[in-house]
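Q: Okay, structure incoming, though there's no sequence with it:
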Ligand SMILES: Nc1ncnc2c1ncn2[C@@H]1O[C@H](COP(=O)(O)OP(=O)(O)OP(=O)(O)O)[C@@H](O)[C@H]1O
């Protein structure tokens, strides 16, 4: 069942149409990677899902209920993590989460246990250390604890890894992946490796249109452009090979596209090379990456 549905959603800012009729669904319990270049409309879409931005036409449903601009009952089912969450730095995480829990009406009797569980989930120590001394990665993990405090059915994360270093990013992605049983996650990013690492489904937004929306494996099948990469020990051999194979030359590397299965394609390439007494030092097949798909879809 879809926890999130967008039906022909359009958005204008003045004369500028930012979203041109978005349609997509996110199945419950999945991770949806929402990618697009700067200004594609990712944040605007997320704000509309959160009821923080008006919808000019179309509708957004969360758990079957229509989202309205402003505060509505369905907001309680949605957690939100902005790219750089802001905190009262003088508080420790427990104090901060207590404040959030009270503001969102979590019963007092439940709150302490819930906070302890959430701090454990995001791997933050339960002590008196104040938030202002936290690293960005710790702040982001605390943001997840806060966003999940109310047990939302849907968690929206807007570029959650953009301010993190590679180690912080990797830890944070592992955390998001581990939450799959707890909630459904929609996260936006420019970092295609992040999407490849944890997403079940990928949506590619370009110029206000959702240009692709499928599982990563289906997208790879659909946009497959597998390549064979040959390495030679001299530039001269690579140049001759590139010419006879009608392939791309990159210093001592030769790259060519192929169709169908790898084995017959590679055998044909090797036979052509052997006939000319050319022997590469390595031959590899290169799979289509999300970056290749993104470039093709948005070009
Ligand atoms: N409140 C606003 N008023 C006018 N224009 C806006 C407003 N909010 C967003 N826009 C415009 O809408 C377009 C989409 O912006 P949005 O922030 O949704 O893109 P994005 O995909 O999240 O980009 P980025 O990755 O850079 O954050 C941009 O051209 C932006 O300038």
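A: Looks like it came in fine. Predicted model only: the values in this text are computed from it and were never measured. Residues are numbered from 1 along each chain as shown.

Q: When you work out contacts or count neighbours from here on, use the C-alpha atoms and nothing else.
A: Fine.

Q: check which helix or strand covers residue 18.
A: Using DSSP states H and E, residue 18 sits in strand 16-27.

Q: Give me the contact status of the helix or strand following that strand with the ligand.
A: Next along the chain after strand 16-27, taking DSSP H and E as the criterion, comes strand 31-35. No - shown here: strand 31-35 not in contact with the ligand (Cα under 6 Å from any ligand atom), separated by at least 8.1 Å.

Q: Packing partners of the following helix or strand past strand 31-35?
A: Counting by DSSP H and E, the next helix or strand C-terminal to strand 31-35 is helix 42-49. Helix 42-49 sits against strand 154-158, with contacts defined as 3 or more Cα pairs under 8 Å, 6 or more residues apart in numbering; DSSP states H and E.

Q: orientation of the strand it packs on relative to helix 42-49 in degrees?
A: 150 degrees (axes from the mean of the first three to the mean of the last three Cα atoms, to 10 degrees).

Q: List the strands paired with strand 154-158, with their directions.
A: strand 78-81 (parallel), strand 184-189 (parallel) (DSSP bridges).

Q: mean confidence score for the last one?
A: Throughout strand 184-189, pLDDT has a mean value of 94.

Q: near the ligand at all, it?
A: No - Strand 184-189 stays clear of the ligand (Cα under 6 Å from any ligand atom), getting no nearer than 7.2 Å.

Q: what's the domain layout of this protein?
A: The chain breaks down into these domains under the TED database: 2-215, 224-298.

Q: can you list these in CSV and add mean neighbour count?
A: Converted to CSV, the domains of the chain look like this (neighbours: other Cα atoms under 10 Å):
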stretch, mean neighbour count
domain 2-215, 18
domain 224-298, 16
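
Q: for this structure, what spans make up the strands?
A: Ranges of strands in the chain, per DSSP state E, are 2-13, 16-27, 31-35, 57-62, 65-66, 78-81, 154-158, 184-189, 201-206, 209-215, 227-231, 248-250, 253-257, 282-286.

Q: Name the surrounding residues that touch the second one.
A: By that I understand strand 16-27. 1-12, 32, 40-41, 58, 184, 207-210, 213 (Cα atoms under 8 Å, 6 or more residues apart in numbering).

Q: same thing with the last one?
A: Contact partners of strand 282-286, identified using Cα under 8 Å, 6+ apart, comprise 226-232, 262.

Q: how about a cut-off of 10 Å?
A: Contact with strand 282-286 is made by 225-233, 253-258, 262-263, 266, 269-270, as judged by Cα atoms under 10 Å, 6 or more residues apart in numbering.

Q: Let me know whether residue 153 touches residue 185 as I believe.
A: Yes - contact criterion Cα atoms under 10 Å: residue 153 and residue 185 qualify, at 8.8 Å.

Q: Show me the common contact partners of these two, please.
A: 28-29, 78-79.

Q: Could I get those residues in JSON lines, plus columns for pLDDT?
A: Below are the shared contacts of residue 153 and residue 185 laid out as JSON lines (pLDDT from 0 to 100):
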{"residue": "28", "pLDDT": "94"}
{"residue": "29", "pLDDT": "93"}
{"residue": "78", "pLDDT": "93"}
{"residue": "79", "pLDDT": "92"}
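
Q: Make a markdown table from the strands paired with strand 154-158 and add distance to residue 21 to it.
A: Formatted as a markdown table, the strands paired with strand 154-158 follow (distance: least, Cα to Cα, whole Å):
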| stretch | distance to residue 21 |
| --- | --- |
| strand 78-81 | 23 |
| strand 184-189 | 18 |
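
Q: Residue 217: neighbour count?
A: Burial of residue 217 is recorded as 15 neighbouring residues (other Cα atoms under 10 Å).

Q: again, but for the one 4 residues further on
A: For residue 221, the count of nearby residues is 12 (other Cα under 10 Å).

Q: and it, what is it in contact with?
A: Residue 221 neighbours (Cα under 10 Å, 6+ apart): 215, 288.

Q: what does the stretch 1-150 of the chain have sitting close to the ligand?
A: So the stretch 1-150 of the chain meets the ligand at 13, 18, 36-44 (Cα under 6 Å from any ligand atom).

Q: any idea which of the residues you listed is the one closest to residue 189?
A: The closest of those to residue 189 turns out to be residue 36 (Cα to Cα; 7.2 Å).

Q: isn't the closest one right up against residue 187?
A: No - Residue 36 is not in contact with residue 187 according to Cα under 10 Å; the separation is 11.4 Å.

Q: any common contacting residues for the two?
A: Common neighbours of residue 36 and residue 187 (Cα under 10 Å, 6+ apart) are residue 42.
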